[in-house]
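Asks: What shape does this take:
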Amino acid sequence: MNPTRKTRVLLMLVIASSISTGFAQDPPAPLPRFELFGGYSVNTDFVKNRPVLVIADQKVSPFFSHGSGPTGFEVSFKRYLRGGLGIKGDLSSYSDAFPPGRATYCQPSGCSTGLTFQATGRAFYLTAGPEWKIRRDKRFAPFAQALAGIVHTRSRFAMAGPNGGGPFMGGLILFNQCRLSD
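Replies: Numbers count the residues shown, from 1 in each chain. Coordinates of the predicted model:
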């Protein structure tokens, strides 16, 4: 066999084997209709430890106004309707516990020092809505969503200590212009 004929035969074998492997492939698997996500989060949206924190006549406490805390979880469920369009439901919760600390409570008549305070807060979010995922079958799949829902929050703030004065040693200062009755 001459060299050009060997090259042609070899080239035909390569082409035939590559074409036949294309026919031997399975059809692509259908994409799943459901998607489930679960996660734990560590959020830094909280009041940082400071030597003094002053709260004066606020209707909303800075402890609970962020709607989240440093720890939480999220669980979501999505059902695809067509292509990359799906309906998503999401439940998440964040909690925050401020350890006991020193406090001073002030009114126009005077201040009580030597108090201790402790605060806890928790927020639950339940949202649902459409989500559209672009290039759903790829590793990188951008998405857009429009979720609406409800939120339920619980918080507790407790302050205790002697009803007397003393030197201020740092901590929380609560100031209220309205006099509370004893």
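
Asks: Now do the helices in the chain.
Replies: Using DSSP state H, the helices of the chain run over 3-24.

Asks: got any ranges where it has weak pLDDT?
Replies: 1-3, 18, 20-27, 43-69, 107-110, 162-182 (pLDDT under 70).

Asks: how does it look with 80?
Replies: Residue ranges of the chain with pLDDT under 80: 1-6, 9-11, 13-29, 41-70, 96-117, 119, 155, 157-182.

Asks: check contacts around R135.
Replies: 84, 141-142 (CB atoms under 8 Å, 6 or more residues apart in numbering). All C-beta spots, glycine's among them, are computed from the backbone N, C-alpha and C.

Asks: tell me which residues form a beta bridge with A158?
Replies: Q118 (DSSP bridges).

Asks: Wait, it touches F117, no?
Replies: Yes: counting by CB atoms under 8 Å, F117 is a contact partner of A158 at 6.7 Å.

Asks: Which residue of these two possesses the greater neighbour count?
Replies: Using other CB atoms under 10 Å as the criterion, A158 and F117 rank with F117 on top: 22 against 10.

Asks: thought the more buried one was touching G101?
Replies: Yes: with contact defined as CB under 8 Å, F117 reaches G101; the gap is 5.9 Å.
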